[in-house]
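Visitor: Fold the following.
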Amino acid sequence: MNHFLDIHKTSPDDLRQIIDQAAQMKSARAGRPKGTPDDDQPLAGRMVALIFEKPSTRTRVSFDVGVRQMGGETMVLSGKDMQLGHGETIADTARVLSRYVDLIMIRTFDETVLTEMAEYSDVPVINGLTDRTHPCQIMADIQTYEEHRGPIKGKKVVWTGDGNNVCASFLHAAGQFGFDLTFTGPSQLDPEEEFIGLARQAGSTITIERDAAKAVAGADLVVADTWVSMHDSQSSKERRHNMLRPYQVNDALMAHAKPDALFMHCLPAHREEEVTSAVMDGPQSVIFDEAENRLHAQKAVMRWCLDV
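Guide: Numbering: from 1, shown residues only. Predicted coordinates:
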């Protein structure tokens, strides 16, 4: 059984298979209405549970549409519907759901909810996001980079801002896909040493550079994410803005990257905070291709999990 829990827990060969299949599935749908089914219906007769303890736009819509395009059906459940871990244990919830559905995608806060769900589930479990990692997003990002610039192996990726859960999965991907990553941001928001160590052990060069302009020099890809969470207090937001302002991605910063460097952001973005509109809407930005590719990458992940 193939769980998709984190990028570093999936082999490079399997990750490459997923990316290649995502590209093929996207190409096969070119020019077709969004609501039409795929010619291939690998999820026909399958039921997929989509569990959301955290609110979502892209994850919910992309997984739901992807399942439907592949002929399956979805059951969307919120944290309130299930109250995971409050009353019935996560282990028992996993055992029960396994009797009803063929695949589980969960978007949650605590990583232990995901890992316990996978441990006790009799069907594959996909990490739709936790507070520590966001592997599905990075699979879409790799697909997006490669459809614009070719293989990402050996390239320089620069993460600017907060070393958060998306940054963590980029570090996992660096080791598995063979690219180098530079983090630039305040020391208080450095990514976890564990994730840096995993990438370095896999042979990737991981650099911490406090000067954003030096960090971005020669970059093939520059990536940013929101500075604040919806759960942050107003005082916390102000502190984070003050810390992160030197790391805003703007035209002046992008000028230090390679002329053909791309810009990515997983969205939603706060325009004129972590990134300017001039960059978001400029010729180097591929943020909406990136958002679309969540659909195709996740379809390929689901097929890999079910071996269909």
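
Visitor: Give the buried residues for the least confident helix or strand in the chain by mean pLDDT.
Guide: When each helix and strand of the chain is scored by mean pLDDT, DSSP states H and E, helix 79-82 comes last, with a mean of 77. Neighbour counts using 16 or more other CB atoms under 10 Å place 79, 82 of helix 79-82 among the buried residues. Quick note: C-beta positions are derived from backbone N, CA and C, even for glycine.

Visitor: Not counting it itself, show me its contacts.
Guide: Residues outside helix 79-82 that contact it (CB atoms under 8 Å, 6 or more residues apart in numbering): 51-54, 93, 108.

Visitor: How far away from the center of its chain is that helix?
Guide: Centroid separation between helix 79-82 and its chain, computed with CA atoms, centre = their mean, to the nearest Å, is 23 Å.

Visitor: send the alpha carbons of that helix over as PDB?
Guide: Below are the C-alpha coordinates for helix 79-82, written out as PDB (Å, rounded to 0.1, in the frame of the first residue of the first chain):
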ATOM      1  CA  GLY A  79     -13.100  18.600  11.300                       C
ATOM      2  CA  LYS A  80     -16.500  19.500  12.900                       C
ATOM      3  CA  ASP A  81     -18.100  16.600  11.100                       C
ATOM      4  CA  MET A  82     -15.600  14.100  12.500                       C
END
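
Visitor: Show the subsequent helix or strand relative to that helix.
Guide: helix 90-100 (DSSP states H and E).

Visitor: Check the offset of that next one from the chain's centre.
Guide: Per CA atoms, centre = their mean, the centroid offset for helix 90-100 relative to its chain is 25 Å.

Visitor: And stretch 95-102, by the same measure?
Guide: 25 Å.

Visitor: which residues are contacting it?
Guide: Contacts of stretch 95-102 (CB under 8 Å, 6+ apart): 46-49, 72, 75, 88, 104, 120-123, 306.

Visitor: Tabulate these (a markdown table), appending secondary structure.
Guide: Below are the contacts of stretch 95-102 laid out as a markdown table (DSSP: H, G, I helix; E, B strand; the rest coil):
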| residue | secondary structure |
| --- | --- |
| 46 | coil |
| 47 | strand |
| 48 | strand |
| 49 | strand |
| 72 | coil |
| 75 | strand |
| 88 | coil |
| 104 | strand |
| 120 | helix |
| 121 | coil |
| 122 | coil |
| 123 | coil |
| 306 | helix |
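
Visitor: how about this protein, which residue sits the furthest from its center?
Guide: Distance to the chain centre peaks in the chain at residue 87, reaching 30.6 Å (criterion: CA atoms, centre = their mean).

Visitor: Quick check: that one vs residue 1, distance?
Guide: Distance from residue 87 to residue 1, counting by CB to CB, to the nearest Å: 27 Å.

Visitor: Dump stretch 134-154 to PDB, restricted to CA.
Guide: Output in PDB follows, covering the C-alpha atoms of stretch 134-154 (Å, rounded to 0.1, in the frame of the first residue of the first chain):
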ATOM      1  CA  HIS A 134       2.900  20.300   2.300                       C
ATOM      2  CA  PRO A 135       4.100  17.700  -0.200                       C
ATOM      3  CA  CYS A 136       1.300  17.900  -2.700                       C
ATOM      4  CA  GLN A 137       2.100  21.600  -3.300                       C
ATOM      5  CA  ILE A 138       5.700  20.900  -4.000                       C
ATOM      6  CA  MET A 139       4.900  18.100  -6.500                       C
ATOM      7  CA  ALA A 140       2.800  20.700  -8.400                       C
ATOM      8  CA  ASP A 141       5.800  23.200  -8.200                       C
ATOM      9  CA  ILE A 142       8.200  20.700  -9.600                       C
ATOM     10  CA  GLN A 143       5.800  19.900 -12.400                       C
ATOM     11  CA  THR A 144       5.400  23.600 -13.100                       C
ATOM     12  CA  TYR A 145       9.200  24.300 -13.200                       C
ATOM     13  CA  GLU A 146       9.900  21.500 -15.500                       C
ATOM     14  CA  GLU A 147       7.200  22.300 -18.000                       C
ATOM     15  CA  HIS A 148       8.700  25.800 -18.300                       C
ATOM     16  CA  ARG A 149      12.400  25.200 -17.900                       C
ATOM     17  CA  GLY A 150      13.100  21.500 -18.200                       C
ATOM     18  CA  PRO A 151      14.700  19.200 -15.500                       C
ATOM     19  CA  ILE A 152      15.000  20.800 -12.100                       C
ATOM     20  CA  LYS A 153      18.000  18.600 -11.200                       C
ATOM     21  CA  GLY A 154      21.100  20.800 -10.500                       C
END
